[in-house]
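J.: using only what follows, build the 3D model:
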Amino acid sequence: MSDKKNQEPDDREFCLEQETTSDESIQEVHDSLMHQKESTRAGFPILPIMMVLFFSLLMLVGGIYMADYGVRFSALAFDETRDPATREPEEPSKVDMVAMGQGVYRTCAACHGPEGQGTPGVFPPLVDTDWVLGSKDRLIRIVLNGLTGPIEVRGETYNMPMGGLGGALNDREVAAVLTYIRQAWGNEASEVTLEEVSDVRSEVGTRGPWTAEELEQFVD
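T.: A predicted model of the protein is given here:
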């Protein structure tokens, strides 16, 4: 009996040690697995993030390169009058001016109509009118500086102001669009030259819009 009693505490102590050891081992295994899981979770996004940063940098560098060295479109590349030796366009032909003027006129068509018919009571027509077919000097001044106040066109009065286009169009574009409207839709008048526009621009500068009365002195 005495031996049995003495053995019982030892067995209980052994069991406690086993339970303690077992709990500690389980905890260690659990901690190890959790650590591996957290490391994997923390480390996994690094690769995608680095790829995103790399491709973003690549796109940025590529965009800068294309902006600096990319091919820029120029209509002069298809201009048959362009002299490759001097890399400067020669004086455009009459056909070239009309073609360019037709392109420039697209910005005017919103008011004066695609066929120059105008808008009744609002914007005057450009067909069969002395304002277009008459004095080139007067017509150039209207386009460069604008027109304000009432004007009479083909027996009808118009009083919608027109803004000057001298700041938006260069001399060649002004000459081209005026040549176009003077020779389109059945109109028959001489072309407006680059020199004529340049001479008028140097004279009028950046003054405000003209009135019909002011323009009478420039009628041929």
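
J.: what average pLDDT does stretch 187-194 get?
T.: Predicted confidence along stretch 187-194 averages 95 (mean pLDDT).

J.: ignore the last one, stretch 156-170
T.: Averaged over stretch 156-170, pLDDT sits at 94.

J.: contacting residues around it?
T.: 104, 111, 120-124, 142-152, 174, 177, 201, 204, 206, 208-209 (Cβ atoms under 8 Å, 6 or more residues apart in numbering). From N, CA and C alone the C-beta is placed, and that goes for glycine too.

J.: now, of those residues, which are buried?
T.: 104, 123-124, 142-148, 151, 174, 177, 201, 209 (16 or more other Cβ atoms under 10 Å).

J.: how about the strands in the chain?
T.: Taking DSSP state E as the criterion, the chain carries its strands at 82-83, 88-89, 146-147, 151-153, 156-158, 162-163.

J.: follow-up on the earlier one: of the buried ones among the contacts of stretch 156-170, which is the nearest to M50?
T.: Proximity of the buried ones among the contacts of stretch 156-170 to M50 (Cβ to Cβ) peaks at V104, which lies at 51.4 Å.

J.: okay, G116: pLDDT?
T.: pLDDT recorded at G116 is 95.

J.: and the helices in the chain?
T.: Residue ranges of the helices in the chain, as given by DSSP state H, are 2-43, 46-69, 94-105, 109-112, 130-133, 136-145, 171-183, 194-204, 212-215.

J.: flag whichever of those helices has the least confidence on average.
T.: helix 2-43 (a mean of 54).

J.: break the chain down into its domains, please.
T.: 2-69, 84-218 (automatic domain parsing).

J.: excluding chain neighbours, what is closest to V104?
T.: Leaving aside its sequence neighbours, V104 sits nearest to V177 (Cβ to Cβ, 6 or more residues apart in numbering; 4.1 Å).

J.: report the contact partners of that neighbour.
T.: Applying Cβ under 8 Å, 6+ apart to V177 gives the contacts M100, G101, V104, Y105, C108, V143, L169.
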